[in-house]
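1. Sequence first, predicted coordinates after that:
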Amino acid sequence: MPNRLVDLESLKSKLRTFKKEDIILTDHALARAKFRRIDIEEVKSNIVNPVRLIHSEQQKAENKDEEKYNCYFAYSKNFAHRYIIVLDGKVIIVTIIVIDKSLQKIIERKTK
């Protein structure tokens with residue numbers, strides 16, 4: 001399955017059903033957050049209250065009972081967090097990336 005755009009409001013609604021306790025960070029995500037000086041509580045807040053979510057693509061999940069997403073949470077037009085997440089009754093954050101360049105150009109490239 002190629003990556004496909006998702007209905008943001010639908011994904012936001014799904015994410016709002018989770019609590020911070022439902023969020024699991026992989027060792028890789030924790031290492032990336034520490035290296036990039038990203039506050040884990042801020043990441044969890046972005047998931048349970050996804051007001052900053054501006055773009056998402058569904059990716060191929062490893063298991064049929066999972067949903068995998070590539071999500072962009074914008075702080076400004078030139079700064080965002082990108083999380084790869086898996087939903088399977090919990091939210092598993094696979095990796096955390098900082099984007100510090102024009103989001104508009106990134107989004108335009110992904111939607112072509």
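-> Here it is on my side, so go on.

2. List the contacts of residue 62.
-> Residues counted as contacts of residue 62 (Cβ atoms under 8 Å, 6 or more residues apart in numbering) are residue 68. C-beta: built from backbone N, CA, C; applies to glycine.

3. Let me know the secondary structure of it.
-> Here residue 62 is recorded as coil under DSSP: H, G, I helix; E, B strand; the rest coil.

4. do the same with the one 3 residues further on
-> At residue 65 the chain is in coil, as set by three-state DSSP.

5. What is the burial count for residue 94?
-> 18 (other Cβ atoms under 10 Å).

6. In which helix or strand does it reside?
-> Per DSSP states H and E: residue 94 is located in strand 91-99.

7. So which elements touch that strand?
-> strand 23-25, helix 27-35, helix 40-48, strand 79-87 (3 or more Cβ pairs under 8 Å, 6 or more residues apart in numbering; DSSP states H and E).

8. and of these, who's closest to residue 14?
-> Residue 14 lies closest to strand 79-87 among the helices and strands packed on strand 91-99, at 6.7 Å (Cβ to Cβ).

9. between the closest one and strand 91-99, how big is the angle?
-> Angle, strand 79-87 to strand 91-99, by axes from the mean of the first three to the mean of the last three Cα atoms, to 10 degrees: 160 degrees.

10. Now strand 79-87: buried residues?
-> Of all the residues in strand 79-87, those buried under the rule 16 or more other Cβ atoms under 10 Å are 80-87.

11. partners of it, with directions?
-> strand 67-76 (antiparallel), strand 91-99 (antiparallel) (DSSP bridges).

12. Output it as PDB - backbone C-alpha positions only.
-> Output in PDB follows, covering the C-alpha atoms of strand 79-87 (Å, rounded to 0.1, in the frame of the first residue of the first chain):
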ATOM      1  CA  PHE A  79       9.100  24.500  12.500                       C
ATOM      2  CA  ALA A  80       7.300  21.200  13.200                       C
ATOM      3  CA  HIS A  81       7.600  17.900  14.800                       C
ATOM      4  CA  ARG A  82       7.200  14.800  12.700                       C
ATOM      5  CA  TYR A  83       6.100  11.600  14.400                       C
ATOM      6  CA  ILE A  84       5.700   8.100  12.900                       C
ATOM      7  CA  ILE A  85       3.000   6.500  15.000                       C
ATOM      8  CA  VAL A  86       1.300   3.100  15.100                       C
ATOM      9  CA  LEU A  87      -2.200   2.700  16.600                       C
END
